[in-house]
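Asks: Sequence and predicted structure, then a few things I'm wondering about:
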Amino acid sequence: MKQKNNIPKKEIKKKEKKKVNDESKLVGFSTLNQVSGVPKPHSYKSRLQVSPTKVIKEPLDKCSICGQTILNISQAMCSPDSSFVHFDCVLDKIKSEHPVRENQTISYIGKGCFAKLEKNENGSWSIIERYTYESQENYEKMKSYVEEAKV
């Protein structure tokens, strides 16, 4: 029997096997939660009181553009005359008023503003024009109205 570094063959095989098992740390995990270290669910129930979840009481106003009822106020905007409008109605109205070319689109960019975007040769988008539909004052009113409407 040959010996490697004065260690019998049997002991070398044992050490090699341990190395193989140690290299693959994900062996034996069956879920992503086990891999990421998320603790297992347990039957412990907290005695702390949980406050009830607030729900928005929908005002069910009519859209001043299409005339249909606004079912979800969180998906609505305030028009310049302070009436509620569907977000999609505003987007369609702006698209019809400002035609776009093949490499352009109109998108919402936040806080009541829309923009005409153009895609260049590199594939990145740049703003060509901005359209403010909802004033900052109306935006703040709408935000506070939704917070007050929570029950």
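Replies: Thanks, I have it. Worth saying up front: this structure is predicted, and the values here are computed from it rather than measured. Residues are numbered from 1 along each chain as shown.

Asks: A helix includes E140, no?
Replies: Yes - under DSSP: H, G, I helix; E, B strand; the rest coil, E140 sits within a helix.

Asks: Quick check: V85 touching I73?
Replies: No - using Cβ atoms under 8 Å, V85 makes no contact with I73, being 11.2 Å away. Backbone N, C-alpha and C define where each C-beta goes, glycine included.

Asks: more neighbours, these two?
Replies: V85 (23 against 17; other Cβ atoms under 10 Å).

Asks: Next, work out how far apart the more buried one and V38 are.
Replies: The spacing between V85 and V38, counted by Cβ to Cβ, to the nearest Å, is 43 Å.

Asks: likewise S144?
Replies: 38 Å.

Asks: Ok, G67 next?
Replies: Computed as Cβ to Cβ, the G67 to V38 distance reads 49 Å.

Asks: Now do the helices in this protein.
Replies: Along the chain, the stretches classed as helices by DSSP state H are 9-23, 32-36, 87-97, 136-148.

Asks: what's the spacing between the third one and its chain's center?
Replies: Distance of helix 87-97 from its chain centroid, counting by Cα atoms, centre = their mean, to the nearest Å, is 23 Å.

Asks: ok, and the closest non-adjacent residue to F114?
Replies: Closest residue to F114 apart from its sequence neighbours, by Cβ to Cβ, 6 or more residues apart in numbering: Y131 at 4.5 Å.

Asks: And the nearest residue to H86 once chain neighbours are set aside, its phi and psi?
Replies: Leaving out its chain neighbours, the residue that sits closest to H86 by Cβ to Cβ, 6+ apart is C63, at 4.8 Å. Dihedral pair for C63: phi -70, psi 130, per degrees, to the nearest 10.

Asks: Can you report how many residues neighbour T69?
Replies: By other Cβ under 10 Å, 12 other residues sit near T69.

Asks: That one: what's it in contact with?
Replies: Counting by Cβ atoms under 8 Å, 6 or more residues apart in numbering, T69 touches L60, D61, K62, C63.

Asks: Pick out the residue nearest the middle of the chain.
Replies: Centroid-nearest residue in the chain: G110, 14.4 Å away (criterion: Cα atoms, centre = their mean).

Asks: Could you list the low-pLDDT ranges of the chain?
Replies: 1-31, 33-34, 56, 151 (pLDDT under 70).
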